[in-house]
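J.: quick one, fold the following:
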Amino acid sequence: MRKLKSAMTELVDQFVALPTATHWLIGGMLVIHFVIAPRFGMLAFSLFSLPGTVAHELSHWIIAFVLGARPSFPRLIPKREGGSWTLGSVRMSPNIVTRIPITLAPVALLPLGIWYAVAHSEAQGGWYFAHIWVTSTVLYASLPSRQDWLVALPAIICLGLGYFALRQWL
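T.: Numbers count the residues shown, from 1 in each chain. Sure thing, here's the model as predicted:
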């Protein structure tokens, strides 16, 4: 555990040491992702978000597979559901214990996005901007979606109540 903490600290230090322009560009791409891209329609937004969407859905699929929740292969084609759009989904059969790690798996993309930014910081020309784009979409994808929170919430409530009940008895 100590080695993991040391490795994560080193990775964050390397990320912080990146040139200021890189941080500004990543931040600018995140602003584009949150504010500008959605205004160009779902097709433009989904294409702009594709690397992050693939990473987000694969994180669900990998954890569901490892935990035995029988996941279907990720669907990456945008779909209108009610009044909103979903960029992708993974069907699975989680139980109350596996819901939290499966639905919150995209949070693990945060260190992956930071690593990707550090690993490709020496890129030149157009490749530099391509790596900034991939980094920003992966960082954006590390946020669990509204649906992820809705699926995880019952398990989080049950675990929280169980924790406080056990705490009273012990």
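J.: now the helices for the protein?
T.: Applying DSSP state H to the chain gives helices spanning 2-16, 20-31, 42-66, 99-103, 109-119, 125-141, 146-169.
J.: can you put the ones you listed in a markdown table and add mean neighbour count and mean pLDDT?
T.: Any C-beta I mention is one placed from the backbone N, CA and C, and that applies to glycine too. Supplementary listing: the helices of the chain in a markdown table, determined by neighbours: other Cβ atoms under 10 Å; pLDDT from 0 to 100:
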| stretch | mean neighbour count | mean pLDDT |
| --- | --- | --- |
| helix 2-16 | 11 | 81 |
| helix 20-31 | 14 | 84 |
| helix 42-66 | 19 | 93 |
| helix 99-103 | 22 | 93 |
| helix 109-119 | 18 | 91 |
| helix 125-141 | 19 | 90 |
| helix 146-169 | 12 | 88 |
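J.: quick one: which of those is nearest residue 89?
T.: helix 42-66 (7.0 Å; Cβ to Cβ).
J.: do you know how far residue 20 is from residue 94?
T.: 42 Å (Cβ to Cβ, to the nearest Å).
J.: about what we covered before: will you turn the helices of the chain into JSON lines that also has distance to residue 87?
T.: Conversion of the helices of the chain to JSON lines gives the following (distance: least, Cβ to Cβ, whole Å):
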{"stretch": "helix 2-16", "distance to residue 87": "26"}
{"stretch": "helix 20-31", "distance to residue 87": "16"}
{"stretch": "helix 42-66", "distance to residue 87": "5"}
{"stretch": "helix 99-103", "distance to residue 87": "16"}
{"stretch": "helix 109-119", "distance to residue 87": "14"}
{"stretch": "helix 125-141", "distance to residue 87": "9"}
{"stretch": "helix 146-169", "distance to residue 87": "11"}
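J.: any idea which of those gets closest to residue 88?
T.: That would be, of those and by Cβ to Cβ, helix 42-66, which comes in at 4.3 Å.
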